[in-house]
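Asker: Mind looking at a prediction? Sequence and model below.
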Amino acid sequence: MKKSPLSHLAFVMLVVPLLTVASAEGSNEGNPANTNQDQALFEQHCLSCHAPKGEGRHHGQGSDSTTPRRLAPPMAMVKKHYLGAYPERDAFVAAVSAWVAEPRSEQARLGHALETFGLMPAQNLNADTRVRIAGYIYDSVPAGKCKKGGGKHGSKCDGEGQGQGSKGKQACH
């Protein structure tokens, strides 16, 4: 049985708009223009405090150093601890975005950083910007590595002291 040209046209008219909508609803991942814009937002709003590799002098080091004091934990460590609690992208983005809008000590994922640096001030960023930055962190920023063993806070992967409800969870895998 031969199909009419109208049935082919109807199929194309139905499928093409659906494919267009599906691709428009995807994440910024893979779109270089959006990724570059999101990276610029991340660099503008985050890196002045969250140095990527923890550059800066640790608290307690001598004041005679010309190296500036660190203001916050490196973003790789922030990502590591958030991934431990929120491994799925949507949950991660929602949690980071909510934290940036209204940081609260009882929800801190990095309890030891709260002790060292204090509570991060709320950032005056609109919801779209917060979501784009959090998505960029999830998609593009490398996560920190676990540090096993002693120290002031014990294992850095044991989930201890990283906020409400996190006891016993692995902070990284």
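Answerer: Here it is on my side, so go on. Residues are numbered from 1 along each chain as shown.

Asker: count of residues packed around Asp95?
Answerer: If you look again at residue 95, you'll see it is Ala, not Asp. Counted with other C-beta atoms under 10 Å, residues neighbouring Ala95 total 16. Yep, even glycine has a C-beta here, placed from its N, CA and C like the rest.

Asker: Now the closest residue to it other than its chain neighbours: phi and psi?
Answerer: Spatial nearest neighbour of Ala95, excluding adjacent residues (C-beta to C-beta, 6 or more residues apart in numbering): Tyr86 at 4.9 Å. With angles defined as degrees, to the nearest 10, Tyr86 shows backbone torsions of phi -130, psi 70.

Asker: ok, now which ones touch Tyr86?
Answerer: 92, 94-95 (C-beta atoms under 8 Å, 6 or more residues apart in numbering).

Asker: quick check, nearest of those to Leu47?
Answerer: Distance to Leu47, by C-beta to C-beta, is smallest for Phe92 among those, at 19.0 Å.

Asker: Go ahead and list the helix or strand containing the closest one.
Answerer: Assigned by DSSP states H and E, Phe92 falls within helix 89-101.

Asker: Helices of this protein, start to end?
Answerer: 5-24, 32-45, 75-85, 89-101, 111-117, 127-140 (DSSP state H).

Asker: so which of the ones you listed gets nearest Arg69?
Answerer: Closest approach to Arg69 among those (C-beta to C-beta): helix 111-117, 9.7 Å.

Asker: quick one on the thing from earlier: tell me the helices and strands packed up against the helix holding Phe92.
Answerer: Counting contacts by 3 or more C-beta pairs under 8 Å, 6 or more residues apart in numbering; DSSP states H and E, helix 89-101 packs against helix 75-85, helix 127-140.

Asker: what's the angle between that helix and helix 127-140?
Answerer: If you take axes from the mean of the first three to the mean of the last three C-alpha atoms, to 10 degrees, helix 89-101 sits at 130 degrees to helix 127-140.
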